[in-house]
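# Got a predicted structure plus its sequence, pasted below:
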Amino acid sequence: MSDRWIGKSVKRVEDFRLLTGRGTYIDDHPPIGNIHHAAIVRSRHPHARILGYDVSKARAAEGVVGVITGDDVARETKPFAVGVTTPVHYYCAATDKVRFVGEPVAVVVARDRYLAEDAAELVDVEYEPLPAVVDPEKALQPDAPVLHDKVGTNLAGHRRLVYGDPERAFREADVVLRERFRFPKYGSTPIETYGIIARWEPDGICTVWSNFMGPFIMHPLTARVLGLPENKLRFIVPTDIGGSFGIKSSIYPYIALIALAAKHAGVPVKWIEDRREHLLASSSGTDRVAYRELAAKRDGTVVGMRFKWLDNVGGYIRSPEPGCSFRPTGNFVGPYAFQHLEVDASVVMTNKSLTGPNRGYACGHLYFETEGMMDRLADELGLDPIEIRRRNLIAPEQMPYRTPTGGYYDSGDYPAALDKAVQVADYADLRRQQARARANGRWFGIGVALAVDPSVSNMGYVATALDPEFRAKPEYLPKSGAVDAATVKIDPLGRVTTILGTTPQGQGHQTVVAQIVADELGLTPDDITVVDEMDTFTRIWSISSGTYSSRFGSVGTSAVALAARKLRAKLVDYAAHLMERPAADLEFRDGAVRPRSGKGPSYSVKDLAGRAHWNTESLPDGMEPGLQATAVFGFGVSRAVDAEDRVNSSNTYGFIAEIMAVEVDRRTAAITILKYVTVHDAGTIINPMIAEGQIYGGALHGLGGALYEELKYDDDGQFLTGTFMDYLVPTATEAPAEIEIAHIVSPSPLTPLGSKGLGESSSMTVPAVIANAVSDALRPLGIRITELPMTPSNLWEMIRQAGDRGAEPRASRAGHPRPEPDSRHSLQ
Amino acid sequence: MKPPKFEYHAPSTLDEALALLARYNGDAKLLAGGQSLVPLLNFRLARPAALIDLNRITSLAYIREHDGHVRLGAMTRQRAIEFSPVVARRLPLLREATRWVGHLPIRSRGTIGGSIAHADPSAEYPAVLTALEGEVVARGPKGERTLSSGALFETYLTTTLAPDEILTEVRLPVMPEGAGWAFEELARRHGDFAIVGVAAAVWRSGGRVTARLATAGAGGTPRRLRAAEEIVERDGLGAAAIEAAGRRASELVEPDADIHASADYRRHLAGVLTERALKRAAERAA
Amino acid sequence: MTAATVRLTVNGAAREGRCEPRKLLVDFLREDLGLTGTHVGCEHGICGACTVLINGDAARSCLMLAVQADGAEITTVEGLMRDGRLHPLQEAFREHHGLQCGFCTPGMLLTALDLLRTNPSPSEQEVREGISAVLCRCTGYHGIVKAVRAAAVTLAPSR
């Protein structure tokens, strides 16, 4: 092929409809006859026993056709299966108690949403309020209120994972460091909220349209809850989904709830989550308290680590939690070569909203802690933060690399990526700038953070939450896999349609797939039509299918490439038959099957398509008619967790190296980003424009969590951030103006195109890099950032507590050089 | 998040509006720009029996210079203020403060009367009204009265306007020729309500300095920082005096804590921003 | 609460509908007039997804009642194309990857259009302040800022 489409910043085919207001999101779904609208009644109590419901006034209200309560839910649905063995009964609405503010307790269905909300106010629920607990450490105290009586404690699950010999590593270490970290609860709050339309067909099939990212494991879970065989529950996603970032993977309990409401009301029901509902009760990442220990030799070699985590999953545990603890099992060690690790993970339930995947699922937490510890080690040993990392990186010669926790890093050159970041950032110059700034009394800091960026979760990781003894039982069914399917077909005029079962939320799958198929079949992207909405009745899918965990760039594109190659091989076989030559003499080149010798006639795709469709007699014996191929791609490296708790929790592993420079305003404690460099290795890049779009977006999600966004509760469990005036999503003025992106390319040996995912990208590194940069800026005050978000007010309080009067508006001192307590940064 | 039911009236004259207000006897809400009220309706935190929409009363939207004052009709959009040549020339502080009010699409609808009558202590216009010693005009069944900022603002989201009164006009004295001004604000994000904001104006005449300072976000009402003004009026606009005024400012305010900032931080910011505002205003002053 | 008739001009065409006074303009545009390009994102005026032009000025359609728009001229995202061709601002968004999921895009486009009308050659900081009226969670605003600046250049000669 003379020119390849892969690697080009092809403009998106999705854009035309989206720019002209012709997208089809769930709320724009074409009219469905007799559709009615739901409003959900929600708990105002953080924790209370439900004593009874009175829905008579609501039923009598104008336009109301149905009301369901927790009683109906308890009677007619099953609780959702949860990822732990403790008896947490999680229904799609509260049945016995409410366990967080905003928990659904009833649903009203009416002619329109306005009337539904009117009637929802008329539902009376009688509660017996109970004491609440929101802090994961307090929730484990003996006197803490217990959320689930049957569990008897707020501990939903606990695992102690031991890899290597951490005991010995810590015993023999020259340096042992300890730190406590807190990571906040935040979510990516897609601008399009959840939406569901549920309709029961006369034949007992329940059709659900929703902006879900699945179906994956949630389809069977929901079918079971509704008492339906899976082939009677049809999930369809609309053409367009308005962002998700992991959040919409948690929509499925509402699917069950609205389906039940539709069944009771006897009409199709639509529910669009409003922003208040979203902030109250959608999904978010967990807040975590982490105790970290690091053991190292005097030369800076890390020999072991200990992680003790308390992950706060809210009032229940909703699958795929406790992925908050275990999703990164394979990359727990990050890019570092140490072999000894102990992980003590407690999954705690409190009176907060439920959690789930949020962009960078569990990795933002992991690297915030690990990279913070690496800086402490650098400090302790008087080494530069770049140097301490260099001394611990896995070497490129070690690739592919098996981590002590079971991860299989497929490719990478971590030192080269770090070098690239150092070079692009002009790190030495940054340190010189810092020295000058400090001499002028300015708080200027430089942060570094590295991350192994996992893509395509292996479902098998979820079983890490279970005890090996439990997993050893004969009745236990091991879990593993990461699968996607694609079909490529050629119509009689030689144009191509590609059908996927993905659920893109802005990633441009149609564009990227057209590029891949164009390359494989020697066509142009304009020749390819891509259909990508999931419909569980018509698409080929498996239990891991969906658009989550940065899957598409790795597993989805692989299925597409393989399907196209399969079809290409068929074209060659067919042409060989027509030309009466051995297939081995032919090749597919520039959109036609040609003799390798270059001599003799060739058959174009268009020519072959016409013949194959119009004249099946022309097909060789045994060849399946039609020109289509389906490929289902799965990773051989996806294995079930082993008896030692080792699991390759993802399938491809990219790498991120970042450097950031910040200044903290001496008067207001406001943080300004002066420089931000991010280097990514995601293997082959299919569309650089789209790839970088993911990085820009991911970085701002990380920044949101680091500086602005937090779902806050008071100590009594009341929710404090129920509007977008309280929950602060960064705007264009908060986004860093200059982001310097660079790439290193280490193609994955595991995927046909060498690509890996990078959808989560810098969301997992920015909290770490900016915390390290601010810590460095405030080094003269001895302040280390261990908690996020760093609001100006919080930071100023810390500065004040550090006893530095320079933080006060004392003009007589402002601007004067301050003594440097530590001059180790006088780097070469 | 849909508004509850209400009766809706869109009178075209002020008298009709006053009559409606009297008829509902406190159960009606006046709808001006709607940028604060409609969210409250959507959250169902406000449940008036009726809305009296002032947007069709064209006589309430004007900017006129008269008798040493600029008079702004209560329904004058913030956007109109932003682009008004009269405001740019006579009330540059108001113009600068306007840029801090929400975002342009908010200012397209939001009005000066609505912003002041809503009495959010973090809002910019109440601070400007306070700093410039402006007045508002209120019309009720018994006629018209004028109120100073001090007489108007009672506490958070509460004014002394009677339930049957409508704020009809805002009067701000023209800033003297050569006056310098600055509106300094720190918000978590661009366009948010202030954590703290400070409005400052200074001018010199006959060797004497006059200073005007008021805060947003540093207490339940906008606060005039008279004692801080006195420092620069006495000692001039040199760096030391400005710093002293800043220190004094932080002693004068009584802020509260909320999820965005502690009370101490707000107090501290009041000082820093006073200093910054005075410095910038002094640079601009002739 | 009795229904009221709302007559208005949308994208140059006279339109009419009946609704309760409490109906939000954005719901009226979407449900009664079938113009689903305008999106609902927060219903309290912060996210800006529902921004439309009302008599030429960008405003939140979730913070207006439909009855208030009686007699108004409204432009929604559906009205930006001319003769089947993208508006230069739409073209710039496509060229500079100013959108991913597309949900904030209608509000972003109309906000940017208003910005460029009031300030035809904005600095980068002015563009950022202008579009800070609309929240986007996909792009980090990078491509949007580039697109608006590029459109300012394209649109300049026609002014």
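Sure thing, it's come through. Numbering: from 1, shown residues only, chains lettered A, B, ... in the order given.
# contacting residues around whichever residue of chain C sits closest to chain A?
Residue nearest to chain A within chain C: C:G37 (2.0 Å; CB to the nearest CB). Where C-beta positions appear, they are placed from N, C-alpha and C, glycine not excepted. When contacts are counted by CB atoms under 8 Å, 6 or more residues apart in numbering or on different chains, C:G37 touches A:20-23, C:76-78, C:106.
# Please name every helix or strand in contact with the helix or strand where A:H158 lies.
According to DSSP states H and E, A:H158 maps onto strand A:155-163. Judged by 3 or more CB pairs under 8 Å, 6 or more residues apart in numbering or on different chains; DSSP states H and E, strand A:155-163 is in contact with strand A:340-349.
# Could you give the average pLDDT over the following helix or strand past the strand it packs on?
Sequence-wise, the next helix or strand downstream of strand A:340-349 (DSSP H and E) is helix A:363-381. What helix A:363-381 shows for mean pLDDT is 98.
# Equivalent analysis for stretch B:202-213, please.
95.
# Could you list the buried residues of it?
Judged by neighbour count using 16 or more other CB atoms under 10 Å in any protein chain shown, the buried positions of stretch B:202-213 are B:202-204, B:209, B:211-213.
# swap in stretch B:168-176?
Judged by neighbour count using 16+ other CB under 10 Å, the buried positions of stretch B:168-176 are B:168-172, B:174-175.
# Show the contacting residues for the residue nearest the centre of chain A.
In chain A, the C-alpha nearest the mean C-alpha coordinate belongs to A:R359, at 3.5 Å (CA atoms, centre = their mean). Under the criterion of CB under 8 Å, 6+ apart, the neighbours of A:R359 are A:188, A:245-246, A:698, A:701, A:759-760, A:763.
# Export those as JSON lines, with columns for secondary structure.
Formatted as JSON lines, the contacts of A:R359 follow (DSSP: H, G, I helix; E, B strand; the rest coil):
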{"residue": "A:S188", "secondary structure": "coil"}
{"residue": "A:F245", "secondary structure": "coil"}
{"residue": "A:G246", "secondary structure": "coil"}
{"residue": "A:G698", "secondary structure": "helix"}
{"residue": "A:H701", "secondary structure": "helix"}
{"residue": "A:G759", "secondary structure": "coil"}
{"residue": "A:E760", "secondary structure": "coil"}
{"residue": "A:S763", "secondary structure": "helix"}
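# among these, who's most crowded?
The most crowded member of those, judged by other CB atoms under 10 Å in any protein chain shown, is A:H701 (32 neighbours).
# Quick check: closest non-adjacent residue to that residue.
A:S763 (4.2 Å; CB to CB, 6 or more residues apart in numbering or on different chains).
# just how off-centre is the host helix or strand of A:V105 within its chain?
Using DSSP H and E, A:V105 sits within strand A:104-110. Centroid separation for strand A:104-110 versus its chain: 30 Å, with CA atoms, centre = their mean, to the nearest Å.
# Next secondary structure element downstream of that strand?
Sequence order places helix A:113-120 as the next helix or strand after strand A:104-110, per DSSP H and E.
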